[in-house]
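Chemist: predicted model and sequence follow; I will ask about them next.
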2 protein chains.
Amino acid sequence: MELLLLSNSTSDDGYLVPALDAILELADGRQDALFVPYAGVTRDWDDYTAQVRDALAPVGIAVRGLHREADARAAIDAATLIIVGGGNTFRLLKCLREQQLLEPIAQRVRAGATRYVGWSAGSVITSPTIRTTNDMPIVDPGGLDSLGLMPFQFNCHYFNLVVAGFRGETRDQRLAEFTVLSPEMPVLGLPEGDWVRVSGERRTLHGEHAARWFLGERTWDITAGALEVPR
Amino acid sequence: MELLLLSNSTSDDGYLVPALDAILELADGRQDALFVPYAGVTRDWDDYTAQVRDALAPVGIAVRGLHREADARAAIDAATLIIVGGGNTFRLLKCLREQQLLEPIAQRVRAGATRYVGWSAGSVITSPTIRTTNDMPIVDPGGLDSLGLMPFQFNCHYFNLVVAGFRGETRDQRLAEFTVLSPEMPVLGLPEGDWVRVSGERRTLHGEHAARWFLGERTWDITAGALEVPR
């Protein structure tokens, strides 16, 4: 099982630019990627696919959009490199569930038949559920269970911002609500610019910023290096 | 139908203090309130109920917690003043749905048999759905449909914060995702400290801060006064 799970895609250096080396390493020679744009809501899926195509052209990876495939299931079954972009996690999950693509994707990734790159929503759905997404539930995804490839939950764009005058919950308060109700499920708060590389049972955190584990009532920060999932 | 729908409960002046006059006006002499604490996650429902009880004692309103009632449905059917507190909207909706209380509450409010005070999650669930909540989907509510008392969606704690370095969506971007997929449903972004008073078909916005309508591709700000739901 080979995955590259990024917190985010945009950067001051350009779209996906800080991740290009990591994507090349993950691709390991594969030059045809199947892109899943379903998380995109406010932009056209063709435009979204073109943006990713343009970003990966310099490293020699060609990108097709899954939404343009006549037989989506067949496209998944033939893919050796699947890229799942960010946007709205509920929309992404709804589309994949309606097309009955969740299990085929999970099976191919688990079997090593395809490699997987995700960012933001595309990373969150590798968790057991999407219960730690930051996104607004703009559509009903028909259940919160997702790909379940990771034994923990991702929270992307992680930053515990505290704003004077804001009376809603901070990110840490929201995640504390999750851990109260799911005390045995670890959550990885993945800051902007960081990513996790998964190779079989080996997981490695990359990036400049400390990530944060949440498990039951405990929280603690970790820096780049081997990622041990806590129990 | 008489409702008081607040964006939030906490304030620099004390818990619920800026809303006390409005609550008294809404109660119109009713001195027994049934409090729904189900949105509370990180605090005990007894503690949450006690906090609301203490806050309303100075204005002579007694507060019982619905979670302590042996027959929740009977308690709803007897209530003449229902108060629904904030917290996590998904948890609130899940509890109400599991106890089959959504329709009884909606019916009693619509019939004028009970008045309704809500804040944050308690305001959001008066919308047709909870699709414009800011909360994390920490539990599966079994569907996003909610009380449907209002012909528009609430987004509470409304503020379009833009943070340097944050690569996730702003509030306005999240709401734009909603309006792309639900172009005919208005969303009211209700800032901290504001509230809406509903009396039959008459709705009034109160508070110091401009609220914001979102409808399709349009957004515009409104100030305190008669609240016309746009089409």
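Modeler: That came through fine.
Chemist: per-residue pLDDT, residue A:96?
Modeler: In the prediction, the pLDDT value recorded for residue A:96 is 98.
Chemist: ramachandran angles for it?
Modeler: Summarising the backbone geometry of residue A:96 under the convention degrees, to the nearest 10, its torsions are phi -70, psi -40.
Chemist: residue A:116 now?
Modeler: phi -140, psi 130.
Chemist: and the residue lying farthest from the centre of chain A, how close does it get to chain B?
Modeler: Ranked by distance from the centre of chain A (CA atoms, centre = their mean), the top residue is residue A:165, with 31.5 Å. Between residue A:165 and chain B the distance is 6 Å, computed by CB to the nearest CB, to the nearest Å. Any C-beta I mention is one placed from the backbone N, CA and C, and that applies to glycine too.
Chemist: quick one: secondary structure of that residue?
Modeler: Using DSSP: H, G, I helix; E, B strand; the rest coil, the structure places residue A:165 in coil.
Chemist: per-residue pLDDT, it?
Modeler: The model's pLDDT for residue A:165 equals 75.
Chemist: which residues of chain A fall in strands?
Modeler: Listed from the start of the chain, chain A has strands (DSSP state E) covering A:2-6, A:32-36, A:62-65, A:81-84, A:115-119, A:153-155, A:187-189, A:195-199, A:202-206, A:211-215, A:218-222, A:225-226.
Chemist: can you give me the offset of the last one from its chain's centre?
Modeler: Chain-centre distance of strand A:225-226: 19 Å, with CA atoms, centre = their mean, to the nearest Å.
Chemist: could I get the average pLDDT for it?
Modeler: For strand A:225-226, the per-residue pLDDT values average out at 97.
Chemist: ok, and what's touching it?
Modeler: Outside of strand A:225-226, the residues within contact range by CB atoms under 8 Å, 6 or more residues apart in numbering or on different chains are A:202, A:203, A:204, A:205.
Chemist: ok, it: who's next to it in the sheet?
Modeler: Counting by DSSP bridges, the strands paired with strand A:225-226 are strand A:202-206 (antiparallel).
Chemist: which residues sit against the partner strand?
Modeler: A:22, A:194-197, A:211, A:222-227, A:229.
Chemist: I'd like to know which of those residues are buried.
Modeler: The neighbour-count test (16 or more other CB atoms under 10 Å in any protein chain shown) applied to these identifies A:22, A:194, A:195, A:196, A:197, A:211, A:222, A:227 as buried.
Chemist: beta partners for the nearest residue to the last one once chain neighbours are set aside?
Modeler: Beyond its immediate neighbours in the sequence, the residue positioned closest to residue A:227 (CB to CB, 6 or more residues apart in numbering or on different chains) is residue A:203, lying 4.1 Å away. Under the criterion DSSP bridges, residue A:203 forms beta bridges with residue A:198.
Chemist: any chance of the strands of chain A in TSV, plus distance to residue B:3?
Modeler: Formatted as TSV, those follow (distance: least, CB to CB, whole Å):
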stretch	distance to residue B:3
strand A:2-6	44
strand A:32-36	42
strand A:62-65	46
strand A:81-84	42
strand A:115-119	42
strand A:153-155	34
strand A:187-189	36
strand A:195-199	46
strand A:202-206	48
strand A:211-215	36
strand A:218-222	38
strand A:225-226	53
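Chemist: OK, contacts around the residue positioned nearest the centre of chain A?
Modeler: For chain A, the residue lying nearest the average C-alpha position, counting by CA atoms, centre = their mean, turns out to be residue A:123 (1.0 Å). In this structure, residue A:123 makes contact with A:5, A:6, A:7, A:86, A:154, A:156, A:190, A:196, judged by CB under 8 Å, 6+ apart.
Chemist: same thing with residue A:66?
Modeler: For residue A:66, the contact set (CB under 8 Å, 6+ apart) comprises A:34, A:35, A:36, A:37, A:38, A:72, A:75, A:76.
Chemist: skip the chain neighbours and tell me the closest residue to residue A:172.
Modeler: Using CB to CB, 6+ apart, the closest residue to residue A:172 is residue A:160 (4.5 Å).
Chemist: surely the one you found is in contact with residue A:174?
Modeler: No. Under the criterion of CB atoms under 8 Å, residue A:160 is not in contact with residue A:174, lying 9.7 Å apart.
Chemist: ends of stretch A:160-178, what's the gap?
Modeler: In stretch A:160-178, first residue to last residue: 15 Å (CA to CA, to the nearest Å).
Chemist: also stretch A:78-86?
Modeler: Distance between the boundary residues of stretch A:78-86 (CA to CA) amounts to 22 Å.
Chemist: now swap in stretch A:82-101 and tell me
Modeler: Counting by CA to CA, the length from the leading to the trailing residue of stretch A:82-101 is 12 Å.
Chemist: in that stretch, what's buried?
Modeler: Those buried within stretch A:82-101 under the rule 16+ other CB under 10 Å are A:82-97, A:101.
Chemist: contacts only, for the residue farthest from the centre of chain A.
Modeler: The contact partners of residue A:165, by CB under 8 Å, 6+ apart, come to residue B:192.
Chemist: can you tell me how far it is from residue B:161?
Modeler: 10 Å (CB to CB, to the nearest Å).
Chemist: isn't residue A:77 right up against residue A:104?
Modeler: Yes. Judged on CB under 8 Å, residue A:77 makes contact with residue A:104 at a distance of 6.5 Å.
Chemist: higher neighbour count, these two?
Modeler: Ranked by neighbour count (other CB atoms under 10 Å in any protein chain shown), residue A:77 and residue A:104 place residue A:104 first, with 18 against 14.
Chemist: one step back: out of the contacts of strand A:225-226, who's nearest chain B?
Modeler: Ranked by distance to chain B (CB to the nearest CB), the contacts of strand A:225-226 are led by residue A:205 at 17.7 Å.
Chemist: name the nearest residue to that closest one, ignoring sequence neighbours.
Modeler: Across the structure, with CB to CB, 6+ apart as the measure, the residue nearest residue A:205 apart from its sequence neighbours is residue A:227 (4.6 Å).
Chemist: quick check: the one you found touching residue A:196?
Modeler: Yes. Contact status for residue A:227 versus residue A:196: in contact at 6.2 Å, counting by CB under 8 Å.
Chemist: overlap in contacts, the two.
Modeler: Between them, residue A:227 and residue A:196 share the neighbouring residues A:188, A:203, A:204, A:205, with contact defined by CB under 8 Å, 6+ apart.
Chemist: how near is the last one to residue A:142?
Modeler: Distance, residue A:205 to residue A:142, using CB to CB: 32 Å.
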